[in-house]
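K.L.:
sequence-free structure coming up:
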């Protein structure tokens with residue numbers, strides 16, 4: 001038997017192994033101490049968060065309503081409506097059923113041959129699990145598809161904005177579309193201006209869910225309630241809006257104009273009763289427009305040189321300062337030379353001795369220049385501002401423009417002369433309606449408003465009240481000016497007359513500036529006025545851009561007459577002419 005003497009290296013080898021296991025054990029112990037004791041709270045929170053979840057609760061977008069201003073009733077103009085996304089899971093459709101499924105869906109969805117062929121191709125991709133068939137399908141059509149119990153066809157509920165009146169009021173309402181976050185986002189008009197208020201505030205559910213997705217602790221779940229958007233009630237009268245816009249549209253077609261605008265308002269309060277902008281669009285199908293400019297409400301967005309309708313304000317300033325009266329006379333010089341420029345009357349007519357009333361009746365350019373010269377540039381500019389020009393009206397619609405009266409700040413008498421008859425400065429149809437309303441309202445310039453009330457989810461509401469912006473001219477001057485405008489209609493614009501009513505009004509046929517001069521062919525046509533003229537209830541502005549006919553009394557005036565007559569009859573306003 002051989003006996004081997006232990007080696008020194010074996011002894012140290014065993015000690016190294018023992019030390020290794022001891023060190024490893026100490027590391028494990030230390031790590032556990034660090035995790036379980038020192039970092040206990042942190043990892044407890046991490047573990048909790050692995051179960052915690054939050055779900056957003058979408059707020060309901062507020063609705064918009066038209067009014068029946070006679071009865072106080074409201075009619076939905078923009079509401080939320082449930083539609084369906086129809087999609088297929090081709091993997092679940094038997095190959096033998098692809099053709100029959102295609103035929104059924106194409107019939108119900110009223111697909112043409114191109115869309116039907118595309119559908120057949122989608123359903124034939126047997127490895128696919130998701131193919132969109134049609135978006136924004138109505139509940140009625142979705143239910144019809146469901147009745148057929150078609151294998152592999154699924155539905156996803158979606159909320160869209162719905163406009164029951166289609167294009168009526170589109171330029172006022174705007175539209176709402178889904179943004180990248182899947183939320184309804186308002187664009188243009190009321191939808192754009194009040195987007196935040198209409199959207200409301202989303203709510204949340206905070207709590208814990210188990211592996212199966214069920215809430216673990218229902219009692220401890222935190223609910224942050226959604227705050228639905230406010231409802232907007234408009235001053236727009238549904239019946240007046242429909243008639244006015246339909247009549248304006250007929251004129252657009254008959255006169256072959258590029259665009260048209262109309263504003264009907266209550267001169268005593270500033271409430272807008274109808275507002276039209278053509279061409280328009282269907283907000284239910286806003287993506288189908290050919291030209292994005294149709295989204296702009298021309299009544300507030302497109303300033304233009306108004307022409308002779310502006311003579312009313314020059315004359316009003318002269319009356320207010322006592323510089324002229326309706327019977328003041330001047331002798332028409334036929335042509336005026338100002339700063340090297342010639343100012344003439346339309347068609348270069350010459351009228352001889354005329355009263356100020358006749359200046360408005362015959363729309364004599366030199367007559368209002370004569371008044372403006374006696375006013376002086378500074379005073380004339382101040383009155384233009386007092387009538388509200390050069391600034392936004394502040395109406396609750398997106399995309400409002402202010403117009404431009406900066407030419408009146410330039411040195412040179414020609415700028416005031418041109419401005420006196422509506423050249424060289426711009427205004428929107430709404431500004432003109434507001435200014436004419438000041439004449440009708442004893443000189444008081446009212447802030448126009450289109451929202452009568454905002455009703456919030458918590459039950460409170462905010463109502464609009466009439467607001468006086470300025471006293472453009474005195475009551476006496478306004479009454480004199482109203483009488484002169486009545487004479488304009490009675491003695492010159494016979495087709496504007498309405499039986500049993502006094503009508504006050506003025507036309508404007510304005511040449512369109514181009515390349516530093518005024519076009520001889522292209523014009524804008526406007527008729528502005530109010531009735532019953534002795535106790536006004538309605539102010540109305542009608543404007544056509546580049547109609548084929550020559551004069552505003554052939555285009556804007558007939559539409560003014562028809563819309564004003566309808567409004568007077570609709571409201572049952574008694575006549576003021578004995």
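P.N.:
Ah, there it is. Note that the coordinates shown come from a computational prediction; the quantities given were computed from them, not determined experimentally.

K.L.:
could you list every residue that touches the most centrally placed residue in the chain?
P.N.:
Computing the C-alpha centroid of the chain and ranking residues by C-alpha atoms, centre = their mean puts residue 189 first, at 1.1 Å. For residue 189, the contact set (C-beta atoms under 8 Å, 6 or more residues apart in numbering) comprises 170-175, 297, 397-398. (Glycine included, C-beta is placed from N, CA and C.)

K.L.:
make it 6 Å
P.N.:
172-174, 397 (C-beta atoms under 6 Å, 6 or more residues apart in numbering).

K.L.:
How about it, nearest residue that isn't a chain neighbour?
P.N.:
residue 174 (2.9 Å; C-beta to C-beta, 6 or more residues apart in numbering).

K.L.:
Run through the helices of the stretch 101-250 of the chain in chain order.
P.N.:
113-123, 139-147, 170-173, 189-193, 195-199, 238-254 (DSSP state H, counting those that start in this stretch).

K.L.:
neighbouring contacts of the second one?
P.N.:
It stands for helix 139-147. So helix 139-147 is contacted by 84, 108, 155 (C-beta under 6 Å, 6+ apart).

K.L.:
Same check on the third one?
P.N.:
Contacts made with helix 170-173 from outside it, assessed by C-beta under 6 Å, 6+ apart, are listed as 77-78, 189-190, 275, 277, 280-281, 283, 297.

K.L.:
Equivalent analysis for the last one, please.
P.N.:
When contacts are defined by C-beta under 6 Å, 6+ apart, helix 238-254 is touched by residues 66, 75, 168-169, 260, 262, 264, 273-274, 276, 278, 559, 562-563, 566-567.

K.L.:
Mind giving me the PyMOL select for these, buried ones only?
P.N.:
Buried members of the contacts of helix 238-254, defined by 16 or more other C-beta atoms under 10 Å, are picked up in PyMOL with:
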select buried, resi 66+168+169+260+262+264+273+274+276+278+559+562+563+566+567
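
K.L.:
Tell me the one among the contacts of helix 238-254 nearest to residue 433.
P.N.:
Using C-beta to C-beta, residue 264 comes nearest to residue 433 of those, at 7.9 Å.

K.L.:
pLDDT weak spots in the protein?
P.N.:
1-57, 205-222 (pLDDT under 70).

K.L.:
How is it divided into domains?
P.N.:
The chain breaks down by automatic domain parsing into domains covering 57-164+195-229, 235-571.

K.L.:
Using CSV, lay out these together with distance to residue 184.
P.N.:
Formatted as CSV, the domains of the chain follow (distance: least, C-beta to C-beta, whole Å):
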stretch, distance to residue 184
domain 57-164+195-229, 5
domain 235-571, 12
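
K.L.:
what bridges to the closest residue to residue 464 other than its chain neighbours?
P.N.:
Using C-beta to C-beta, 6+ apart and skipping residues adjacent in sequence, the residue nearest residue 464 is residue 449, 4.9 Å away. The partner list for residue 449 in beta bridges (DSSP bridges) reads residue 271.

K.L.:
So residue 449 versus residue 475, what's the distance?
P.N.:
23 Å (C-beta to C-beta, to the nearest Å).

K.L.:
So which of these two has more stuff around it?
P.N.:
residue 449 (22 against 12; other C-beta atoms under 10 Å).

K.L.:
want to throw the contacts of helix 139-147 into a markdown table with distance to residue 117 and neighbour count?
P.N.:
Shown next, in a markdown table, are the contacts of helix 139-147 (distance: C-beta to C-beta, whole Å; neighbours: other C-beta atoms under 10 Å):
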| residue | distance to residue 117 | neighbour count |
| --- | --- | --- |
| 84 | 23 | 21 |
| 108 | 17 | 18 |
| 155 | 23 | 14 |
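
K.L.:
does the closest residue to residue 552 other than its chain neighbours count as helix, strand or coil?
P.N.:
Leaving aside its sequence neighbours, residue 552 sits nearest to residue 525 (C-beta to C-beta, 6+ apart; 3.7 Å). Here residue 525 takes the strand state, with states given by DSSP: H, G, I helix; E, B strand; the rest coil.

K.L.:
what about residue 525, how many neighbours?
P.N.:
30.

K.L.:
what's the most buried one of the domains of the chain?
P.N.:
Mean neighbour count, computed with mean count of other C-beta atoms under 10 Å, is highest for domain 235-571 among those, reaching a mean of 20.

K.L.:
so how far does that one reach from one end to the other?
P.N.:
15 Å (C-alpha to C-alpha, to the nearest Å).

K.L.:
now swap in stretch 124-134 and tell me
P.N.:
Start-to-end span of stretch 124-134 (C-alpha to C-alpha) is 16 Å.

K.L.:
Tell me the spacing between the spatially closest residue to residue 111 that is not a sequence neighbour and residue 133.
P.N.:
Spatially, and ignoring its direct neighbours in sequence, residue 111 is nearest to residue 119 (6.4 Å; C-beta to C-beta, 6+ apart). Using C-beta to C-beta, residue 119 is found at 6 Å from residue 133.

K.L.:
swap in residue 566?
P.N.:
46 Å.

K.L.:
can you check residue 185 too?
P.N.:
26 Å.

K.L.:
ok, now residue 481?
P.N.:
Counting by C-beta to C-beta, the separation of residue 481 from residue 133 is 64 Å.

K.L.:
Check residue 108 too.
P.N.:
For residue 108, the distance to residue 133 - C-beta to C-beta - is 11 Å.

K.L.:
Run through who's touching the host helix or strand of residue 512.
P.N.:
Following DSSP states H and E, one finds residue 512 within strand 504-514. With contacts defined as C-beta under 6 Å, 6+ apart, strand 504-514 is touched by 305-309, 312, 482, 485-486, 488-489, 496, 518-519, 522-530, 533, 551-553.

K.L.:
Just the ones of those residues in strands?
P.N.:
Judged by DSSP state E, the subset of the contacts of strand 504-514 located in strands is 518-519, 522-530.

K.L.:
Mind picking the two most distant members of the residues you listed?
P.N.:
519 and 530 (30.3 Å).
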